[in-house]
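Student: got a predicted structure plus its sequence, pasted below:
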Amino acid sequence: MIKMEAKGLFNVARKEFIDHITSRKFILILALFLIISAVAMHEGIGDYNNRLEDYKEQLSQVEEGELRYMSEKPSILFIFQRMRGLMPLLGAILAIAIGFDLITREKESRSLKSLLSHPVYRDEIINGKAVGGILALVFAVGIAFLILFAMLLIFSIVPSMDEFWRIVLFGAVTVLCLLTYFSIALMSSTVSKDSGRALMHALIIVLALSFAMPMLGGMVVKGVVGEPPERPEIQSRIEINEYGELVGHIEPMNKEEEEEWERYREELKAYSEKKWPIQDAFDVISPERNYMAVSISLTNPYLTEVHGGRFWSSSHTLGDTTSIQKSLEKVWKSIFALIILPIVFFAIAYVKFIRMDIR
């Protein structure tokens, strides 16, 4: 019979949390996590300031009639573009380091049997260890984002309310991504005989989900849909995104070029409509792809479509932005996956630990 008391759960969680934040391993990885995050943030602020200067210059050229096209005004959220690329890797290292030996460490030191001899139930132990690890991850991400907000204020960059809530949601999604990696590590620690094997199993699962599955999806797409249409050689100076949409300074195209370009866009649109349902079915299993999709949607309010965290569409009227609600609606599958994946892996760890033969 499974029993659990709040007091026992709280005691285990508190002990685990204190052990995590005071361990040399956690402090070292956290320091690396914060340093790299701060450097990326500093570079992001530099890029933002450069883009802002370019925007002001383009604006003056448009007012003088020297430029027909100009880019969007850069958002403060642009600063976080570097962060969203680093968080899955740094977060995975931190989360796996916290979780891979939570159970195997107790097995190897033979302290699990003595722990269960105390008035504490098995589910209190596994749940308490999970809660303690989760709190440590929230603590790490919270410190990182407090430093990032402080850097914004130091550089006199104040986000609007919409940008503030997007940043907060970006932090919440970062925690969800890290929870997925942590739950994988906890499950590996529960099913493995020792910490070495647990670490190896956790890394294999993370690599398989984050990289192998999307690559397999790409192979399936090529086998089913084929290669994308070839982009026409147009002499006019243009800039496009992955959807063949004009996003940069344009020089006039002649009639023949316009017809050729329109034909290419139609072919690319038809190809994309066949490709993305297949690719998305594989990407939704990847924590990294899900995180990138949601974070891109949150940190770029001009987007109208996101796929797999790698390709997106930003066709819109100049100046228009997408609301937070619509930004989240575009990537609801990825959000759902980020919630479900850690639950699935923790459920496996929970059942295995409850049924574990401890002698």
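Tutor: That came through fine.

Student: and residue 205, which helix or strand is it part of?
Tutor: Element membership for residue 205, per DSSP states H and E: helix 195-207.

Student: after that helix, next one along is what?
Tutor: The helix or strand immediately downstream of helix 195-207 is helix 213-224, counting by DSSP H and E.

Student: apart from its chain neighbours, what residue comes closest to residue 83?
Tutor: On the basis of C-beta to C-beta, 6 or more residues apart in numbering, the spatially nearest residue to residue 83 that is not a chain neighbour turns out to be residue 40, at 5.5 Å. Just so you know, the C-beta spots here come from the backbone N, C-alpha and C atoms, and that holds for glycine as well.

Student: looking only at pLDDT, what's the mean for the one helix or strand that neighbour maps to?
Tutor: Using DSSP H and E, residue 40 maps to helix 24-63. For helix 24-63, mean pLDDT is 79.

Student: what's it packed up against?
Tutor: Under the contact criterion of 3 or more C-beta pairs under 8 Å, 6 or more residues apart in numbering; DSSP states H and E, helix 24-63 touches helix 81-99, helix 122-154.

Student: follow-up on the earlier one: touching the helix holding residue 205 from outside, list them.
Tutor: Helix 195-207 is contacted by residues 92, 96, 99-101, 103-105, 108, 181, 184-185, 188-189, 191-192, 287 when judged by C-beta atoms under 8 Å, 6 or more residues apart in numbering.

Student: 10 Å - rerun?
Tutor: 88, 92, 95-97, 99-105, 107-108, 180-182, 184-192, 194, 212-213, 286-288, 345 (C-beta atoms under 10 Å, 6 or more residues apart in numbering).

Student: which among those count as buried?
Tutor: Those of the contacts of helix 195-207 that meet the buried threshold are 88, 92, 95-97, 99-104, 107, 180-182, 184-192, 213, 286-288, 345, by 16 or more other C-beta atoms under 10 Å.

Student: let me see the mean pLDDT of stretch 324-336.
Tutor: Mean pLDDT, stretch 324-336: 87.

Student: could I get the CA-only coordinates of that stretch as CSV?
Tutor: What follows is stretch 324-336 as a C-alpha-only set of coordinates in CSV (Å, rounded to 0.1, in the frame of the first residue of the first chain):
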residue,chain,number,x,y,z
ILE,A,324,1.2,36.6,-26.1
GLN,A,325,-1.9,34.4,-26.4
LYS,A,326,-1.5,33.9,-30.1
SER,A,327,2.3,33.3,-29.7
LEU,A,328,1.5,30.5,-27.3
GLU,A,329,-1.3,29.1,-29.4
LYS,A,330,1.1,28.7,-32.4
VAL,A,331,3.2,26.3,-30.3
TRP,A,332,0.6,24.6,-28.1
LYS,A,333,1.8,21.1,-29.2
SER,A,334,5.4,21.9,-28.0
ILE,A,335,4.1,23.3,-24.7
PHE,A,336,2.0,20.2,-24.2
